[in-house]
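Asker: What follows is a protein structure lacking sequence information:
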């Protein structure tokens, strides 16, 4: 089985954005209608249509099985509005993910957006986390280390500010992917700078603190291949040594994991050369940050499975860890979600299915 | 000849820090003594002593010839005090670099710190830039894209806010290294996050704007191997394509360069595999961010010459570009500074000199 740990619902039907637009408009008119969660009028057919030509088609074409699926990261925009804004918006986005997962239980397993806001204590996100895990069957969450959207006004992830949320993550046995949202700071392009900076920043925070002594079973996935970290693995090994910290392998072993959202072969080669295989999870961020086809390969930049398949430096057992075993370890609730839909052995084959191959056109450009 | 484009005076005699401490103390007592540039009482012997056991010893041991040398980056701390604070501090730091270069004209060529402050227009740094280039013989400057120290309150580097300074850089034909200083934002470890984030951020700013149409000869060096950029070269190629921007090679050709401050072999392998050789300059940041010896190799993490030497993917001509030719192109004023001290051919040999080998002890730890 091939589990893609990093997918966002970037193709949601337009009614979701219309809801958001109305919500933001209402913010400017506080004397208007009472602020309620409201509704997002989307039919099951609209959901199917939004996925069949995009994520589902690409899953089949690429030969991946299931995507750990969350609301569009750039649209979380925790810096907009207030706590109520963020709560209603997160609930709607998560409800929609739950519907996706109900319609396609073999293809998608849910991860939730948290209703964060700048300055609002993280424990205020716990209710929505519990709702998503206990009622909607989600298996993790995305945690935004910078709800201010590029001004970085929150304490570091290793600060006790975040501990109440971590206690709940540990209790529920679900991991968090460290994922910022859009940037309202003109310095930071979202997908080209802010995302990667946040990944790098989080890793260095973890390196310099004893968070995992306090929470030995707390698990974070750092997306986008770990930002700058694997490329600078020597720098981090050296910094850890200079700072009298444990070796990186020990520091991250049970707690910090990188996905494979690195969109060229040399980057993936480096990732698996330096980061322990047990700490790498297959991910593509499809359909996401980069939507085009690489003219150097003729394949989608974000078809990261191809890069793993092409690796000669590791064997099939290690690839299976990256594709499946590590995800099952980091997201233990995924087992129950997938049980019955298909067995691991049946779908361990990497070859694309016939219907996927048929649906795929190399010239397709995701919009 | 081997030119190290990235070295800071991290070992300056204690009197420099004492000056800074007094300056900062005076800030808290504005009714006290008038604010003047003052003096930093350091003897030539103290300067020699600060270098002989550190940068000079390591140059000899590693077989490098000349370092493009600037004040300690983390100590610039543009976020502290005001414009006058920053001007006096920058002048003192630059004066000290000029003395280093006068004492060791074969080993060091100067690059200046700019007297930046949050919110102060960049043209206010021009006088010090001109003084350093025209009077002190410096060949470039370090430009801090975030004088706020981790709050990122300045406009992007592609904003017209910076244009007056760029006009002067072009007129003087000197490049700027994009280099932040220490962080006063608890989220960002300076050398483990803030530095790399700034590199990544600057690159994406350059990718998304037409700065180099306005300044075709403006040149930036992005240090620390370009932050996260080479590792994510596929992502950036894809983003450029999606955004209808030119291919990366065209975008950066005459304007954006990366140094080799990447402290392990796989990172350097990746760098030269994806970034055009013409855009890579040898650099070590020695004595700098990482001071220890890599237990995996038995050599200093920041002995980046070893990684270049070990490359089998490129030949001697390309290595010579990285070690010398590209630096001469990016820093054209270096030719006049080195003329007479030694010819390129004489020192093109990569082998360590005898005195360097003698001085070097593998167990030495720079403090």
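Answerer: Perfect, I can see it now. As the structure is a prediction and not an experimental result, all values here were calculated from the model.
Asker: contacting residues for residue A:191?
Answerer: A:74, A:288-290, B:235, B:239 (Cβ atoms under 8 Å, 6 or more residues apart in numbering or on different chains). For every residue, glycine as well, the C-beta is placed using N, CA and C.
Asker: Among these, which are located in helices?
Answerer: Using DSSP state H, the members of the contacts of residue A:191 that fall in helices are B:235, B:239.
Asker: Include neighbour count, pLDDT and distance to residue B:28 when you put the contacts of residue A:191 into TSV, please.
Answerer: Formatted as TSV, those follow (neighbours: other Cβ atoms under 10 Å in any protein chain shown; pLDDT from 0 to 100; distance: Cβ to Cβ, whole Å):
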residue	neighbour count	pLDDT	distance to residue B:28
A:74	19	97	43
A:288	21	89	49
A:289	24	91	46
A:290	27	96	50
B:235	27	98	46
B:239	24	98	46
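Asker: which pair in the contacts of residue A:191 spans the largest distance?
Answerer: Distance extremes for those: the farthest pair is A:74 and B:235 at 14.9 Å, using Cβ to Cβ.
Asker: and the gap between residue A:246 and chain B?
Answerer: Using Cβ to the nearest Cβ, to the nearest Å, we find residue A:246 at a distance of 13 Å from chain B.
Asker: thinking residue A:259 is in contact with residue A:220, fair?
Answerer: No. If you go by Cβ atoms under 8 Å, residue A:259 and residue A:220 don't touch, sitting 11.2 Å apart.
Asker: Which one's more surrounded, those two?
Answerer: Neighbour count, other Cβ atoms under 10 Å in any protein chain shown: between residue A:259 and residue A:220, residue A:259 has more, with 28 against 25.
Asker: Confirm residue A:67 sits in a strand?
Answerer: Yes. Assessed with DSSP: H, G, I helix; E, B strand; the rest coil, residue A:67 lies in a strand.
Asker: any idea how far chain B is from it?
Answerer: Residue A:67 is 19 Å from chain B, where distance means Cβ to the nearest Cβ.
Asker: Which strand residues bridge that residue?
Answerer: For residue A:67, the beta-bridge partners under DSSP bridges are residue A:4, residue A:108.
Asker: With respect to residue B:155, which of the contacts of residue A:191 is nearest?
Answerer: residue B:239 (21.0 Å).
Asker: now that closest one, nearest residue through space, not along the chain?
Answerer: In space, residue B:239 comes closest to residue A:192 once its chain neighbours are excluded; the distance is 5.3 Å by Cβ to Cβ, 6 or more residues apart in numbering or on different chains.
Asker: I'd say the one you found and residue B:236 touch.
Answerer: Yes. Counting by Cβ under 8 Å, residue A:192 touches residue B:236, with 7.0 Å between them.
Asker: Can you report how many residues lie near the closest residue in space to residue A:158 that isn't next to it in sequence?
Answerer: Nearest residue to residue A:158 in three dimensions, chain neighbours excluded: residue A:209, at 3.5 Å (Cβ to Cβ, 6+ apart). For residue A:209, the neighbour count with other Cβ under 10 Å is 15.
Asker: gap between residue A:209 and chain B?
Answerer: Using Cβ to the nearest Cβ, residue A:209 is found at 10 Å from chain B.
Asker: Kindly report the same for residue A:212.
Answerer: From residue A:212 to chain B the distance is 17 Å (Cβ to the nearest Cβ).
Asker: and that residue, what does it touch?
Answerer: Listed by Cβ under 8 Å, 6+ apart, the contact set of residue A:212 reads A:206, A:218, A:251, A:254-255.
Asker: do residue A:279 as well
Answerer: By Cβ under 8 Å, 6+ apart, the contact set of residue A:279 is A:252-253, A:256-258, A:326.
Asker: Look up how far residue A:249 lies from it.
Answerer: Applying Cβ to Cβ, to the nearest Å, the value for residue A:279 to residue A:249 is 8 Å.
Asker: how would you label residue A:153: helix, strand or coil?
Answerer: coil.
Asker: what are the phi and psi values for residue A:277?
Answerer: Here is the backbone geometry of residue A:277 (degrees, to the nearest 10): phi -60, psi -30.
Asker: pretty sure it contacts residue A:317?
Answerer: No. Between residue A:277 and residue A:317 there is no contact, the gap being 9.1 Å when judged by Cβ under 8 Å.
Asker: So residue A:85 lies in a strand, does it not?
Answerer: No. Assessed with three-state DSSP, residue A:85 is helix; it does not lie in a strand.
Asker: The closest residue to residue A:149 other than its chain neighbours - how many residues pack around it?
Answerer: In space, and not counting its chain neighbours, residue A:149 is closest to residue A:79: 3.5 Å by Cβ to Cβ, 6+ apart. Residues near residue A:79, counting by other Cβ under 10 Å, number 22.
Asker: Before I go, just wanted to say thanks for your time.
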